[in-house]
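J.: next one to model:
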Amino acid sequence: MKRARGFKEVTPVETPIGKPKRSSWLQPKEEERSFDEGNLEMGGKLKSDEVFPPIAIPPAKSSHHPSVPCAPVESDGMVDLNPFPYLYKSTYDFKFDTIKEKVVDDIKRSKSIVDQTGMQTPEKEGGYTTVLLMGSEVNGKMWAAPHTWPELSNFIDNWLPQKIKNLWDTWNLSPYAIPYIAESWINEHSYGSFTEGHHHQNSQISLSCYLNVPKDSGRLMIKDPMEIYNHSRPLNFNHALLGSSWRYIGVDTNDVVFFPGFLEHQTERSESDEKRYIMSINISFMDYGAFAAMSNKMIKPLWEPKPFG
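T.: Presented below is the predicted three-dimensional model:
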């Protein structure tokens with residue numbers, strides 16, 4: 001039989017009858033790199049192909065991965081099982097009275113900028129934000145963001161790093177990425193004002209810290225990140241999507257809400273005659289190599305960086 005030009009004749013190889021040979025990825029080689037997982041319940045080491053198998057093939061061993069927490073299920077009941085938790089809430093006593101004067105002064109400066117320039121921000125209909133003060137001078141000095149205030153040092157230096165570390169691990173973020181506070185600011189809402197929908201670009205973890213939340217001053221609103229798939233959901237008689245894309249989160253004074261920066265959010269309109277104040281914080285990261293190369297450490301890591309090796 002003639003073969004096509006440019007191709008060699010191939011002799012077929014017969015597979016011996018018997019126990020099928022295991023795939024090569026299931027047979028770790030001695031020279032393969034091992035992963036020393038000291039925190040694993042099972043102990044020992046894991047081979048690289050046990051942790052990173054080919055695409056779409058389950059790893060040979062997965063017992064080192066923790067299960068998703070699940071509450072006890074009562075007879076004929078159902079519990080919420082969410083393997084991808086995005087939203088967390090905690091509390092911290094900010095002692096708002098100790099920083100209220102600084103907050104009000106900064107809001108006045110921001111209001112002056114809006115009045116003079118007509119600059120638009122996500123704060124609408126009487127809402128103001130100190131984000132406009134970033135990079136500006138106040139009384140001959142660079143504006144001090146809230147996270148640098150001495151009154152909040154315990155929150156920033158002691159309380160916050162522990163919470164961010166928990167989320168960093170839960171969301172499986174790299175131990176070699178160095179998280180730090182990139183920016184912070186404060187929003188003020190009076191009667192009828194609100195924050196319009198937005199997200200925080202380049203923020204791995206964002207925080208909303210509720211310094212003062214009067215009654216009826218509005219809830220936090222979170223947009224469903226899976227809204228793109230709502231086209232396949234059943235529609236009601238007027239062709240509106242069944243249900244709303246927004247969910248409402250009740251908040252109180254001293255609440256701290258954590259969420260990824262890509263999650264779109266806004267606030268309800270305030271229906272209170274007393275002003276609501278919220279401090280926002282964005283957590284970004286720097287690669288360890290870039291941090292190590294910096295002669296002047298311009299950023300303050302939330303915890304001691306982990307070197308390679």
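J.: quick one: contacts for residue 164?
T.: The contact partners of residue 164, by Cβ atoms under 8 Å, 6 or more residues apart in numbering, come to 179, 205, 283, 302. For every residue, glycine as well, the C-beta is placed using N, CA and C.
J.: restricted to strands, list the residues you listed.
T.: 179, 205, 283 (DSSP state E).
J.: format these as a markdown table; extra columns: distance to residue 147, pLDDT and neighbour count.
T.: Formatted as a markdown table, the ones in strands among the contacts of residue 164 follow (distance: Cβ to Cβ, whole Å; pLDDT from 0 to 100; neighbours: other Cβ atoms under 10 Å):
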| residue | distance to residue 147 | pLDDT | neighbour count |
| --- | --- | --- | --- |
| 179 | 13 | 94 | 23 |
| 205 | 13 | 97 | 23 |
| 283 | 10 | 97 | 23 |
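J.: can I get those in a markdown table with distance to residue 72?
T.: Formatted as a markdown table, those follow (distance: Cβ to Cβ, whole Å):
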| residue | distance to residue 72 |
| --- | --- |
| 179 | 35 |
| 205 | 30 |
| 283 | 34 |
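J.: all the strands of the stretch 1-150 of the chain, residue numbers only.
T.: 34-36, 45-47, 88-91, 123-124, 128-129, 137-138, 141-142 (DSSP state E, counting those that start in this stretch).
J.: just give me the lowest mean pLDDT stretch among those strands.
T.: Of all those, mean pLDDT reaches its minimum on strand 34-36 (a mean of 46).
J.: sorry, back to before: just curious, which of the ones in strands among the contacts of residue 164 is nearest to residue 220?
T.: Residue 220 has its nearest neighbour among the ones in strands among the contacts of residue 164 in residue 205, at 15.7 Å by Cβ to Cβ.
J.: now the closest one: closest residue in space, sequence neighbours ignored.
T.: Nearest non-adjacent residue to residue 205, counting by Cβ to Cβ, 6 or more residues apart in numbering: residue 283, 4.1 Å away.
J.: the one you found contacts residue 184, doesn't it?
T.: No. Applying Cβ atoms under 8 Å, one finds residue 283 not in contact with residue 184, separated by 10.1 Å.
J.: any buried residues in stretch 72-81, and which?
T.: For stretch 72-81, the neighbour count (16 or more other Cβ atoms under 10 Å) marks no residue as buried.
J.: which outside residues touch that stretch?
T.: 68, 70-71.
J.: so how far is it from its chain's centroid?
T.: 28 Å (Cα atoms, centre = their mean, to the nearest Å).
J.: again, but for stretch 193-209
T.: With Cα atoms, centre = their mean, you get 11 Å for stretch 193-209.
J.: buried set for it?
T.: Buried residues in stretch 193-209 (16+ other Cβ under 10 Å): 193-195, 200, 203-209.
J.: who's in contact with the residue nearest to residue 205?
T.: Applying Cβ under 8 Å, 6+ apart, we find residue 283 in contact with 164, 179-182, 203-207, 302.
J.: of the contacts of residue 164, which is the nearest to residue 130?
T.: Closest approach between these and residue 130, by Cβ to Cβ: residue 283, at 18.3 Å.
J.: how much space between that closest one and residue 211?
T.: 19 Å (Cβ to Cβ, to the nearest Å).
J.: can you pull out the low-pLDDT segments for the stretch 1-150 of the chain?
T.: 1-65 (pLDDT under 70).
J.: partner residues bridging residue 88?
T.: residue 258 (DSSP bridges).
J.: and it, how many residues sit next to it?
T.: 15 (other Cβ atoms under 10 Å).
J.: that one against residue 258, yeah?
T.: Yes. Between residue 88 and residue 258 there is a contact at 4.3 Å, judged by Cβ under 8 Å.
J.: overlap of the contact sets of the two?
T.: What both residue 88 and residue 258 touch, as defined by Cβ under 8 Å, 6+ apart, is the set residue 167.
J.: from memory residue 91 sits against residue 256, does it?
T.: Yes. Contact criterion Cβ under 8 Å: residue 91 and residue 256 qualify, at 6.5 Å.
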